[in-house]
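**Student:** Sequence first, predicted model second:
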Amino acid sequence: MSIQIQMLGTGSAFAKRYYNNNAMISTSKQTFLIDCGITAPLAIHQIEQSFNDFEGVLVTHLHADHIGGLEEYAFQMKFLHQRRPKLFIANTLLEPLWEHSLKAGMTQPGIDCIEDVFEVIPIIPAQAHEITPELKVEWMETPHIPGKQSYSLLINDTFFYSADIRFQPDLLQSLVEQGVHTIWHDCQLEGEGEVHATIKELLTLPPSIQSKILLMHYGDTRPEWDGHTGPMPFINQHETYSIRP
Ligand SMILES: Nc1ccn([C@@H]2O[C@@H]3COP(=O)(O)O[C@H]3[C@H]2O)c(=O)n1
Ligand SMILES: [Zn+2]
Ligand SMILES: [Zn+2]
């Protein structure tokens, strides 16, 4: 059974056309969110799904376009569905997520800590974790904002889903050498790549790597870039992609 992945949104943090870059990843039995940003609750509603359709969420890092929807997710699950969804998060990000993001809005009688609303599965980075028998994920620390931890996801050893990541040609080369056949990469269309890889940078990669890359987390000017990204296609919001083993 192949893994299916569908983006709730494919936009950058400031994009308005494409929603936040958040995904739904499905095995034969369960669906998980990858990140849950500010626009995730509306995006889920618009495709006539519910937070209750998901087993849990895999978190890459703590920017609001990746975690800004977690408060609503947790409240909806507690008050509408009476269930704690699974929260897979690097152990280094757990305390900051609660203390610096969720605590102010969520503390109330019956909610004193993050475990009151999520079934927390702390992840040790750089180790493979069996999320389900069909889904093995390694959280790989990758550079984004200096001094802030961020984790890309290596899925079933062959599919790399970048969190937000600066241009890392050596990492991409070594992933391909290790057998990664598909790379979903965030990108920045205009300007310098301070915290994301730019299209200009990605176009300097060898063709053997570019041919494995699909682009996500892009700005609202995407239509101007169609046909200007070499062999790297843009991933489309809502389209279902099968990830081969
Ligand atoms: N040095 C920085 C830091 C952040 N940013 C923008 O803020 C956004 C936060 O979410 P993101 O998706 O990581 O994208 C970041 C940049 O757009 C930026 O443009 N320059
Ligand atoms: Zn982002
Ligand atoms: Zn980010």
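**Tutor:** Right, received. Where do you want to start? Numbers count the residues shown, from 1 in each chain. Ligands and ions are numbered 1, 2, ... in the order given.
**Student:** Which stretches in this protein count as helices?
**Tutor:** For the chain, applying DSSP state H gives helices covering 40-46, 64-67, 70-79, 91-97, 103-106, 169-177, 199-202, 207-210, 222-225.
**Student:** which of these is buried the deepest?
**Tutor:** Highest mean neighbour count of these: helix 64-67, a mean of 23 (counted as mean count of other CB atoms under 10 Å). Bear in mind the C-beta positions are built from the backbone N, C-alpha and C, glycine included.
**Student:** which residues sit against it?
**Tutor:** Contacts to helix 64-67, defined as CB atoms under 8 Å, 6 or more residues apart in numbering, come from residues 11-13, 20-22, 35-39, 59-61, 97, 101, 163-164.
**Student:** again, only this time at 10 Å
**Tutor:** Outside helix 64-67, the residues that touch it by CB atoms under 10 Å, 6 or more residues apart in numbering are 9, 11-15, 19-22, 34-40, 57, 59-61, 70, 73, 89, 93, 97, 101-102, 150, 163-164, 217.
**Student:** go on, stretch 219-231?
**Tutor:** Contacts for stretch 219-231 (CB under 10 Å, 6+ apart): 10-18, 187-191, 199, 202-203, 205, 207, 209-215, 218, 233-234, 236.
**Student:** Show me which of these are buried.
**Tutor:** Among those, those buried by neighbour count (16 or more other CB atoms under 10 Å) are 10-13, 15, 18, 187-189, 199, 202, 205, 209-210, 212-215, 218, 234.
**Student:** ok, back up a step: in strands only, show me the contacts of helix 64-67.
**Tutor:** Ile34, Val57, Ile89 (DSSP state E).
**Student:** Just to check, the second one is in contact with Leu87?
**Tutor:** Yes - proximity of Val57 to Leu87 meets the contact threshold set by CB atoms under 10 Å, at 5.9 Å.
**Student:** overlap in contacts of these two?
**Tutor:** Counting by CB under 10 Å, 6+ apart, the residues touching both Val57 and Leu87 are Cys36, Leu70, Tyr73, Ala74, Phe118.
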